[in-house]
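Asker: The following comprises the amino acid sequence and a computationally predicted model.
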Amino acid sequence: MNAPTPVRSLRDWLDRLSGDGRLAIARPGIGLRHEAAAVASRLDGRQASLFPQPGGHPGTIVSGLVSSRAWMAEALGTTQDHLVAHFQQAAAQPLPWHEHNSAPAQEVVQREGLDILKILPVPTLNEHDSGPYISAGLMISRDPETGLQNVAILRCQISGPDRIGVLVLPRHTDNFYRKAEAQGRGLEVALVVGVDPACLLASQAIVPLGHDELEIAGALTGQPLDVVKCLTNGVRVPANAEIVIEGRLLPEIREPEGPFGEFPQYYGERAKRHVMQVDAVTHRRDPIFHMIVGGGLEHLLLGAIPREATILATLQRSFPGVEDVHLSLGGVGRYHLYVRLRKTQEGEAKNVLLGAFAAHYDIKHAVVVDTDVDIHVPQEVEWAVSTRFQADRDLVVIPHAQGSKLDPSGREGVGAKMGLDATVPLDAPPMKFKRIRVPGEAEVDLDAVLASGADWRAAIG
């Protein structure tokens, strides 16, 4: 089977989805406050959704672009089985972007009298969100000392006509911001909305400081990403983006932001956050605004796949028997990790568990299973735990460890880690853990052996 052709713009991907019935088009005028999000949530994982003129706004909203692993793989020109490996390779071998002097993302330029809600159809998503949010915006920032870029999806609350509240976590964007703030100036940024799936996924890569995720996006599609310089600052943005909001994260200023429906499917609290002052908005003609519904499949998968690639690479450096990892959707694509291990010595699975917790602080519960268990099927993992795990022998608990600050059961990001060794003892008798199997089941041609009709009396008469 030939791999699909990768797509390199949002519009190309919409054409692909529309071509085989995976894009639902709503009637014009669906409400911006909760209604568009409600429709998108109902279709989540089955169809992407497009909303013309939502709430009477002249713009267009789209959602659910990458709500399945299979769709994500297709968009990148690979297969679902090779998706994590494909991402690993792209992160390890990024392609420098190709800069242009002009681009579709700057077809329309607005600098004066800016009012974001008049320019863009920004929706309100979950019930208690504090207002309209840009939930699928790539925040691209530039190191004020080196010029190197960082890309992240940060939650962005519309706080005023030209003002955006931003949750900046203590990671790379914050590192750049602190440098700019120490110099008494704002950090130049661009908030980019409406990009191809490769840019979306690359933005979530877990890479060292100084690695521009836009270069990973190019590697994901096998071709350098086209970029253009912003008009009011030095940030480079995807040339085929739908919308670019240029501005600065202001020094020393914090304003209330939140609550907002987050990936654990609870609300992120209200607090004083960073503030972006908008200097210009550029966009394509008839721009398409991408909406990610908080806690939905698109939200979870965008976070899960890059983490899986990083965790797998980290584990395999120390444990060559680790064959695959999976962050389950039941664990919101962050907290529950399943590891498939070809075990060669006793105690190895417990070491793998410790390595998994060290690989990413978000991991809360981890399960290690043997190679006969499909870690992408939660029922299989549960079966392994139920038949191969004993709590007094196979449990690892680490109290008071760093975790996710968005986990409501923790205390300011501190909680317990739990690991389950659900592997078979190496000295077990051959038949003790032998899985039952009906010979020939997988090869049965049901069409050839089943008769038509449902009248059992006639069948035996």
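Answerer: Yep, that arrived.

Asker: Scan the protein for its longest helix.
Answerer: If you go by DSSP state H, the chain has its longest helix at helix 297-318.

Asker: Name the nearest residue to residue 242, sequence neighbours excluded.
Answerer: Using CB to CB, 6 or more residues apart in numbering and skipping the chain neighbours, the partner closest in space to residue 242 is residue 194 (2.6 Å). Just so you know, the C-beta spots here come from the backbone N, C-alpha and C atoms, and that holds for glycine as well.

Asker: tell me, how many neighbours does residue 371 end up with?
Answerer: 14 (other CB atoms under 10 Å).

Asker: Need the nearest residue in space to it, chain neighbours excluded.
Answerer: By the measure of CB to CB, 6+ apart, the closest residue to residue 371 outside its immediate chain neighbours is residue 342, 5.3 Å from it.

Asker: Wait, the one you found touches residue 372, no?
Answerer: No. The pair residue 342 / residue 372 is not scored as a contact, 10.3 Å apart, by CB atoms under 8 Å.

Asker: pLDDT weak spots in the stretch 1-150 of the chain?
Answerer: Across the stretch 1-150 of the chain, residues meeting the criterion (pLDDT under 70) sit at 1-2.

Asker: all helices of it, in order?
Answerer: Along the stretch 1-150 of the chain, counting by DSSP state H, counting those that start in this stretch, helices occupy 10-19, 35-43, 69-76, 83-92, 116-119.

Asker: And for the stretch 151-300 of the chain?
Answerer: Going by DSSP H, counting those that start in this stretch, the stretch 151-300 of the chain shows helices at 172-182, 197-202, 213-221, 297-318.

Asker: how distant is the shortest one from the center of its chain?
Answerer: Mean-position distance between helix 197-202 and its chain equals 9 Å (CA atoms, centre = their mean, to the nearest Å).

Asker: other SSEs contacting that helix?
Answerer: helix 69-76, strand 149-153, helix 213-221, helix 297-318 (3 or more CB pairs under 8 Å, 6 or more residues apart in numbering; DSSP states H and E).

Asker: Mind doing that once more with 6 Å?
Answerer: Using 3 or more CB pairs under 6 Å, 6 or more residues apart in numbering; DSSP states H and E, the elements in contact with helix 197-202 are helix 213-221.

Asker: The last one now?
Answerer: For helix 297-318, the contact count by 3+ CB pairs under 6 Å, 6+ apart identifies helix 83-92, strand 322-327, helix 348-359 as packing neighbours.

Asker: so which of those gets nearest residue 127?
Answerer: Closest to residue 127 of those is strand 322-327 (CB to CB; 26.6 Å).

Asker: Other residues contacting that closest one?
Answerer: 304, 307-308, 311-312, 315-316, 333, 337-341, 375-376 (CB atoms under 6 Å, 6 or more residues apart in numbering).

Asker: Report the angle between that strand and helix 83-92.
Answerer: With axes from the mean of the first three to the mean of the last three CA atoms, to 10 degrees applied, the angle from strand 322-327 to helix 83-92 works out at 100 degrees.

Asker: tell me the angle strand 322-327 makes with helix 348-359.
Answerer: 50 degrees.

Asker: Buried residues, strand 322-327. List them.
Answerer: Buried residues in strand 322-327, counted by 16 or more other CB atoms under 10 Å: 322, 324, 325, 326, 327.

Asker: so how far is that strand from its chain's centroid?
Answerer: Distance, stretch centre to chain centre, for strand 322-327: 17 Å (CA atoms, centre = their mean).

Asker: Return the list of strands paired to that strand, each annotated with direction.
Answerer: strand 336-341 (antiparallel) (DSSP bridges).

Asker: The strand it pairs with: which residues count as buried?
Answerer: Quick answer for strand 336-341 (16+ other CB under 10 Å): 336, 337, 338, 339, 340, 341.

Asker: Which residues does that strand contact?
Answerer: Here strand 336-341 makes contact (CB under 6 Å, 6+ apart) with 321-328, 352, 356, 363, 365-368, 371, 375, 381.

Asker: residue nearest the centroid of the protein?
Answerer: In the chain, the C-alpha nearest the mean C-alpha coordinate belongs to residue 302, at 1.2 Å (CA atoms, centre = their mean).

Asker: which ones are touching it?
Answerer: Residue 302 is in contact with residue 204, counting by CB under 6 Å, 6+ apart.

Asker: and the gap between it and residue 12?
Answerer: Separation of residue 302 from residue 12 (CB to CB, to the nearest Å): 19 Å.

Asker: Equivalent analysis for residue 297, please.
Answerer: 21 Å.

Asker: Ok, residue 230 next?
Answerer: Residue 230 sits 23 Å away from residue 12, going by CB to CB.

Asker: quick one, which of those two is more surrounded?
Answerer: Comparing residue 230 with residue 12 by neighbour count (other CB under 10 Å), the higher total belongs to residue 230, at 24 against 16.

Asker: Work out the gap between stretch 386-394 and the centre of the chain.
Answerer: Computed by CA atoms, centre = their mean, the separation of stretch 386-394 from the middle of its chain amounts to 33 Å.

Asker: contact partners of it?
Answerer: For stretch 386-394, the external contacting residues (CB under 6 Å, 6+ apart) are 420, 421, 422, 424.
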